[in-house]
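A.B. asks: pasted the sequence and its predicted model underneath.
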2 protein chains.
Amino acid sequence: MILRERRCISPIWQLARLESPGQTPAAADWMPAAVPGAVQLDWAAAHGLPDVNHGRNVALYDGLEDSHWLYRTAMPAITRAPGARIFLTTAGLDFEAEVRIAGRPVRRHRGLQTPMEIEVTELAAGTPVEILFFPAPKRHPQPADRTQASHVTKPAMSYGWDWHPRLIPLGLCHETEFEVRPATSIADVDFHYELTDDLGAAAIEVAVRSDPPGAAWTWRLRDAAGTEVLAGTGTASARLERPRLWWTHDHGEPHRYTLEVALAGGETVRRHVGLRRVRLVMYPGAWDEHIPMPASRNHPPFTLELNGRRIFAKGTNWVAPDLFPGRITGETYRPLLRLAQETHFNLLRCWGGAAAPREEFFDQCDELGLLVWQEFPLACNLYPDTQDYLRLLDTESRAMIRRIRPHPCLALWSGGNELFNAWSRMTDQSLPLRLLNRNCYDLDPATPFIPTSPLGGVGHGDYRFLHEGRDIFHLFQGARGTAYTEFGCPGASPAEYLREFIPADELWPARPGTSWETHHGLRAWEADETTWLCLNAMEELFGPLGSLEDTVAKSEWLQGEGYKAVYEEARRQQPRCAMALNWCFNEPWPTAANNSLVNWPARPKPALAAVRAACRPVLASARIPRFQWRLGERFACELWLLNDTAAAWPGGVVRAELLVAGRRELLGEWAFDAVPPQGALPGPTVGAALPAATAAREFVLELTAGPRAAWSSRYRLSLRG
Amino acid sequence: MILRERRCISPIWQLARLESPGQTPAAADWMPAAVPGAVQLDWAAAHGLPDVNHGRNVALYDGLEDSHWLYRTAMPAITRAPGARIFLTTAGLDFEAEVRIAGRPVRRHRGLQTPMEIEVTELAAGTPVEILFFPAPKRHPQPADRTQASHVTKPAMSYGWDWHPRLIPLGLCHETEFEVRPATSIADVDFHYELTDDLGAAAIEVAVRSDPPGAAWTWRLRDAAGTEVLAGTGTASARLERPRLWWTHDHGEPHRYTLEVALAGGETVRRHVGLRRVRLVMYPGAWDEHIPMPASRNHPPFTLELNGRRIFAKGTNWVAPDLFPGRITGETYRPLLRLAQETHFNLLRCWGGAAAPREEFFDQCDELGLLVWQEFPLACNLYPDTQDYLRLLDTESRAMIRRIRPHPCLALWSGGNELFNAWSRMTDQSLPLRLLNRNCYDLDPATPFIPTSPLGGVGHGDYRFLHEGRDIFHLFQGARGTAYTEFGCPGASPAEYLREFIPADELWPARPGTSWETHHGLRAWEADETTWLCLNAMEELFGPLGSLEDTVAKSEWLQGEGYKAVYEEARRQQPRCAMALNWCFNEPWPTAANNSLVNWPARPKPALAAVRAACRPVLASARIPRFQWRLGERFACELWLLNDTAAAWPGGVVRAELLVAGRRELLGEWAFDAVPPQGALPGPTVGAALPAATAAREFVLELTAGPRAAWSSRYRLSLRG
């Protein structure tokens, strides 16, 4: 984010719902408007609609997006220095709007990602300034689902998803204010650097677009301690020796420099910058693999390399943290991103069904050392080759790239979500994706670009603990992906959380048609009517379920052990596999059950602790063939050591024990000489018979690592009569 | 090609070989230069070097590319109309050169694909005009192979390939002449059209770049009969109702219009244009295929759709028809392209190891109804992300796209050959390929673009009749490709042809170190020392070989039946498979053995007739498990009908018979009701025991189609004791 010291006047906005675009609202039609916000929120406040997050209230918000809405304010009286100018500015509008000044249309705009500014320096104080919002775009004759957004850059999730209600925000979702600029101002700062091959030096260039153009500038770079390390004038390249690189938190320090730019006779701005080199490379040994005749291609690269080091990407899919983008602030992100970092995640995929996050998100990821995979706003739709759509996408994507590219956290651009799958039917020939490649190449060629995920060799899914009769342990042990960029294991939300938004009379048993369904506990995913609570899977594993608390506990158990199994298995499949991102991290509102790890707004589910355990930089791990075992059956598992650090670790012992019904049985001990850096070290298979008779319906596999107890692991498994 | 009526003066050129770039040649150093041509050809003529195509003479040409060479001429005396201007022009230079006028450097140029023009209007007659050629680029410290060309756009094949000797041409490979232009001239004509979805109309725009800029223009369009069908002025769009579309010869008429453009007060030009829509689409049913979890993507599309009709692409890989690009004319292409059309081919892949063909090639393909897949000059190398290479590739590729895009025959742009395979190690992230995608999107978005071949689902190889103990029949019946865009089956050249360039004392037996090796009969392909004559495979199948004639006959037999088996199998695999292109069609010089179907310059090998039979629009076909059978063994095959036309055909009967040792045995009759359009109709499996004892060592499977005898097919198979 560029930090400026400009005076901004946030005016008082009012809002009216119109019967028709040309209608002049009566005085009584006007209601107060919160900006940033959404027309739905203002309407709800003015008309006493109950909290959208509670029960089935969301239905009361349905259809508000089909009206025209008019915001109004008046030009404030602003004193200004000689030559200073005033602009009405916003970072984007949701979604299509017309700006009117003194009743005359002056600008038409589409898109949340594209900034808008209109000079109003000469406007008399009190002049009416209005912004007319058109109804939310809905492609016809599509059904009431995401396909209605398949011709625009409006986030598709708002049209309904298996964890997002159908609620389509509209309105001023960003600060929309009057900004006073000095006579000579900085319109844009472009920080460009090129690291030498050995990363030992960086050639740095700073380009400034001034308004009016042509002003000279100087710049300096300070390190995190505030010490000036480099300075320059104009576009001349300057060389920084031994730069401190930006690393993810788990591989080093996310070091940031501060760039200060001063315009001759004008303003001064600052921004954080970081130096890093990120690439998508082939996994070690990929080129040596035998490809049978007729020979096809190798899989596309999906291993992240940061500053020359191949890293295993452990992370998650980030979704919108609120139904209304206008309600999201830096403080919305902060606790969530802190949790992601504490979970040992180093990569967040900002999924294309949601809007790209605000600047605060990227600033915090820069600071916390979290890489970001940013998608363009395309998801699960066939976006067309039409000129109208291509023009919109061109404008919006260029604005996104220019805004996000200076952040060192940026790891990867992606065209969008699952666009090459049958439910989308886009292909490598689709012009929107070729356009995005073009724009990324033109504006940010040093950052990798992929047209979509999954690509060949990459896996999405499954999203349930049981799939076609096999559990998630088994499924992933049979997979051979280069990356698992979406995989899900649903869990019910904690009972005390459910009580906050599910009315008492709907709470148990969970039934379709109640808040359980509204909040995605049932009938959420088309492929499986019982998602996401998945009562069927739990009954298959455990028999009839008891209370709400019992059901939630079993669901949490499955979610925790399921996710742990996948993260660890993906790491065991190194170096072919280089990435594990679960679907999904967070959620935009309270769900009753979901694949998420953190409930809205930032309340960790128990599974998060299990994932944190599975993502420790170094740990003892067991490849366990399946979650559920029968009495008397022989249990066996492979022992492994997983090390995602660049360090080799000295040898030690892993002791594997079974804990069944209070008894502890030694399976075996594995003495290893050393743990090699960045990889998976296989050990022996150990096993023993489970007791033939016991009342216990679960058991624990415990791996005790010595001398490093922090590497020890536990797995809680199911025992069946 | 733009047809202009401009006066062009081809000067007399002379050439000198320099010891150093600054050397002034002595009078005796100058030799006559043929332009277009190559320094090697002029040197050979001046110094009496023998024919490069004969015996092992090519070795005598080695190293000439490492010198500096200087061309010279003098500004001719040219009378011109008032305002007319004179330019020194060429379509490209091979490869890096400096133009000097009156001894002063005025231009530096790289590349065969990038035109150059220098205004010389005011130059006094007699002024020296020189072009200094630098030594051929050779990346260091690479070995003497194609990798020396991995940093430039010079065709990689010249550096040595398994069918191309190491011979690296240099010099003026295009007409380089003085052109007189009227005071107001047409610099470029851009013909743009957009067909309506139903192809019932076309919106046509003609843009003209005039010199000096800004002149007005009119244009008209005439159909093939010369009737004017549309006219326009300036850039205004005009609508052509019911346009006659351009089709491949096998699906319709390759209809071309003539565009005439007249500049106000300036010149008039004409060019052929054609209207067609070409797409790469998914095969029917692709989106319905089950993809197991974790789900990856569908294969990229590889089915060609022409004017809304899915077509099966039968074709071949086109390589350079001469070692020296400067020796190639329209007459070089004509007999070859006629043969391709007669073979029922509808698609030629212009492979990236060679230079893109001249305008005459595309004009003839337009006229003959042959689609062209054009690659950029990258092949089997790791082309780097460096700024120097990216700049060169940018310039060369833009020139290629602008030149070739107006041709209706253009079906597909491709980044180059096998760039995603282990021997190249480029990936989807490679900046050269992202640049090419960008340039194609910017300049020709309506034509499909692929980064390379093969892509996922597409197969290249194998290139031998026997591969890992299996024959080519078997190999392809087990394959599941969406397209086979390279497959080879080598054949010896005919004995009388071999006698033309292999000295009599080397002719038989074929031995390494002789002209057999120089001309790729032995030790040509690194993976297999006996390629391409493949004596080992023939001995494995037939036992010890006899005379040259006997060996050639057996090799021709394998090549013909092998190629027939692959083309027919690919067609049987419709609609999943949509393309079959053998490696390769032609050759740049006489080879002793090669995968080619036509010997240099345009002499069909016997296998061409076999391929022609396999590529008939409709035919009865047999899926024969393998080529060689044993006495007494039961022979069985599946019967099929293959139809690449858009028409359904009435029913009939296929009668399958074996002809062994003069006896004819009925295997079965298949009465089919109708042949559906565009696809493969499976019939019954038929079989019979082969005789337990006979002296015959071959037999024939004959499919007699009634009532359409033209659909009948024959297969000549091997019988072993």
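C.D. replies: Looks like it came in fine.

A.B. asks: residue in the stretch 101-250 of chain A nearest to chain B?
C.D. replies: Closest residue of the stretch 101-250 of chain A to chain B, Cβ to the nearest Cβ: A:Glu194 (9.8 Å). For the C-beta atoms, the positions are set from N, CA and C on the backbone; glycine is no exception.

A.B. asks: and the gap between that residue and B:Thr395?
C.D. replies: Per Cβ to Cβ, to the nearest Å, A:Glu194 is found 22 Å from B:Thr395.

A.B. asks: up against chain B, what does the stretch 301-450 of chain A have?
C.D. replies: A:301, A:420-422, A:425, A:427-429, A:431, A:434-435, A:437-438, A:441-442, A:445, A:448-450 (Cβ under 8 Å from any Cβ of the partner chain).

A.B. asks: which of the residues you listed are buried?
C.D. replies: Among those, those classed as buried by neighbour count (16 or more other Cβ atoms under 10 Å in any protein chain shown) are A:301, A:420-422, A:427-429, A:431, A:434-435, A:437-438, A:441, A:448-450.

A.B. asks: now go through the residues you listed and say which are in strands.
C.D. replies: Among those, the members falling in strands (DSSP state E) are A:Phe449, A:Ile450.

A.B. asks: I'd like to know how far the residue of the stretch 101-250 of chain A closest to chain B sits from B:Glu526.
C.D. replies: A:Glu194 is 37 Å from B:Glu526, by Cβ to Cβ.

A.B. asks: and these two? which has more neighbours close in?
C.D. replies: The neighbour count for A:Glu194 versus B:Glu526, taken as other Cβ atoms under 10 Å in any protein chain shown, is higher for A:Glu194 (14 against 10).

A.B. asks: wait, what's in contact with that one?
C.D. replies: A:Ala202, A:Ala203, A:Ala446 (Cβ atoms under 8 Å, 6 or more residues apart in numbering or on different chains).

A.B. asks: list buried residues within the residues you listed.
C.D. replies: A:Ala202, A:Ala446.

A.B. asks: quick check, nearest of the contacts of A:Glu194 to B:Arg242?
C.D. replies: Nearest to B:Arg242, judged by Cβ to Cβ, of the contacts of A:Glu194 is A:Ala446 at 50.0 Å.

A.B. asks: contacting residues for the closest one?
C.D. replies: A:Glu194, A:Arg277, A:Val278.

A.B. asks: mind redoing it with 10 Å?
C.D. replies: By Cβ atoms under 10 Å, 6 or more residues apart in numbering or on different chains, the contact set of A:Ala446 is A:His192, A:Tyr193, A:Glu194, A:Leu195, A:Arg276, A:Arg277, A:Val278, A:Arg279, A:Arg405, A:Leu410, B:Asp385, B:Leu431.

A.B. asks: secondary structure class for A:Ala44?
C.D. replies: helix (DSSP: H, G, I helix; E, B strand; the rest coil).

A.B. asks: pull the number of nearby residues for it.
C.D. replies: Count around A:Ala44 with other Cβ under 10 Å applied: 18.

A.B. asks: can you report how many residues lie near A:Ala27?
C.D. replies: 6.

A.B. asks: pLDDT wise, what is it at?
C.D. replies: We note a pLDDT of 96 for A:Ala27 in this prediction.

A.B. asks: what element comes up after the helix ranked longest in chain A heading to the C-terminus?
C.D. replies: Criterion DSSP state H: the longest helix present in chain A is helix A:548-572. The helix or strand immediately downstream of helix A:548-572 is strand A:579-582, counting by DSSP states H and E.

A.B. asks: residue nearest the centroid of chain A?
C.D. replies: The centroid of chain A falls nearest to A:Trp318 when counting by Cα atoms, centre = their mean (2.2 Å).

A.B. asks: and the spatially closest residue to that residue that is not a sequence neighbour, how many neighbours?
C.D. replies: Leaving out its chain neighbours, the residue that sits closest to A:Trp318 by Cβ to Cβ, 6 or more residues apart in numbering or on different chains is A:Leu348, at 4.5 Å. Neighbour count of A:Leu348, defined by other Cβ under 10 Å: 27.

A.B. asks: mind checking which helix or strand A:Leu348 is in?
C.D. replies: A:Leu348 belongs to strand A:347-350, assigned by DSSP H and E.

A.B. asks: name every strand pairing with that strand and say which way it goes.
C.D. replies: strand A:313-318 (parallel), strand A:371-375 (parallel) (DSSP bridges).

A.B. asks: angle of the longest one against helix A:548-572?
C.D. replies: Relative orientation of strand A:313-318 and helix A:548-572, computed by axes from the mean of the first three to the mean of the last three Cα atoms, to 10 degrees: 140 degrees.

A.B. asks: report the residue ranges of every domain in chain A.
C.D. replies: Per the record, chain A has its domains at A:3-135+A:170-181, A:185-266, A:458-581+A:591-600, A:618-720, by automatic domain parsing.

A.B. asks: most tightly surrounded among these?
C.D. replies: domain A:458-581+A:591-600 (a mean of 21; mean count of other Cβ atoms under 10 Å in any protein chain shown).

A.B. asks: quick check, that one touching chain B?
C.D. replies: Yes. Applying Cβ under 10 Å from any Cβ of the partner chain, one finds domain A:458-581+A:591-600 in contact with chain B at A:458-464, A:467-468, A:470, A:472, A:475-476, A:478-487, A:566.

A.B. asks: all set, thanks.
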